[in-house]
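[1] Pasting the sequence and the predicted model now:
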Amino acid sequence: MLDRIFSVLLVTSSKNFSNGILSALSETNYEVTLSETVQKAKRMLVEKDFDIIIVNCPVIDDFGMEFAIDEAIRDISGIILFVTPELESEVYYKTCEYGILTLVKPTSKGILLQTLMLLSATIIKKESMREKPKNLKTRLEEIKIINTAKMLLIEHKHISEDEAHKYLEKRAMNLRKSKVKIASEIIEEYIK
């Protein structure tokens, strides 16, 4: 995680708020892009995905909550909404089911950084969970190819499954190729 830079879209109309966030995130793993309006943020998101979106509610052209919900539904970013204390409960209950974090403003640098670290860890976990099905699918396809090659060897060479397995391993080792590559070649050889 330390080597990764997280892209942050900061949506705020307040110069003081943006200066505070930029100051807190200087010399961290967060690269901040600023948008003064929700409309500008939407246009930016068409061109680029961000790891994290921070919205200082309200923004000059919109409160920002519906924008955050729309982005959460797209499942692209981790999202933090900053709201005043009197709106915290209402905003939280409307957005928590979408995985949107709500922080009361003003907040300390420590709470901001801790929240970003937790959100970053969640993003990394979510990305790895997306990769697992791809890896599993690839592995299952490889097993299918190897098993097909074994069945062909059993059928055409009249050997046992164990002997077919050893044949594949030995041939892969001797030719310095993967078992899947050797299995594919065997399938191609017998199924013409």
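    Happy to help now that I have it. All values derive from a computational prediction rather than experimental measurement.

[2] Only C-alpha atoms from now on, for both contacts and neighbour counts.
    OK.

[3] ok, then the element right after the helix or strand hosting Thr138?
    If you go by DSSP states H and E, Thr138 is part of helix 109-157. Following helix 109-157 in sequence order, the next helix or strand is helix 161-175 (DSSP H and E).

[4] circling back: could you say what helices and strands the helix holding Thr138 packs with?
    Contact here means 3 or more Cα pairs under 8 Å, 6 or more residues apart in numbering; DSSP states H and E; on that basis helix 109-157 packs against helix 15-25, strand 78-83, helix 161-175, helix 179-190.

[5] Rebuild these as JSON lines, extending it with mean neighbour count.
    Shown next, in JSON lines, are the helices and strands packed on helix 109-157 (neighbours: other Cα atoms under 10 Å):
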{"stretch": "helix 15-25", "mean neighbour count": "14"}
{"stretch": "strand 78-83", "mean neighbour count": "23"}
{"stretch": "helix 161-175", "mean neighbour count": "15"}
{"stretch": "helix 179-190", "mean neighbour count": "17"}
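
[6] These: which one's closest to Glu127?
    Shortest distance between Glu127 and the helices and strands packed on helix 109-157, using Cα to Cα, is found for strand 78-83: 11.8 Å.

[7] picking that back up, would you format the helices and strands packed on helix 109-157 as JSON lines with mean pLDDT and distance to Thr107 included?
    Putting the helices and strands packed on helix 109-157 into JSON lines (pLDDT from 0 to 100; distance: least, Cα to Cα, whole Å) gives the following:
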{"stretch": "helix 15-25", "mean pLDDT": "94", "distance to Thr107": "10"}
{"stretch": "strand 78-83", "mean pLDDT": "95", "distance to Thr107": "9"}
{"stretch": "helix 161-175", "mean pLDDT": "92", "distance to Thr107": "60"}
{"stretch": "helix 179-190", "mean pLDDT": "92", "distance to Thr107": "55"}
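
[8] For Ser108, which of these is the nearest?
    Per Cα to Cα, nearest to Ser108 of the helices and strands packed on helix 109-157: helix 15-25, 9.2 Å.
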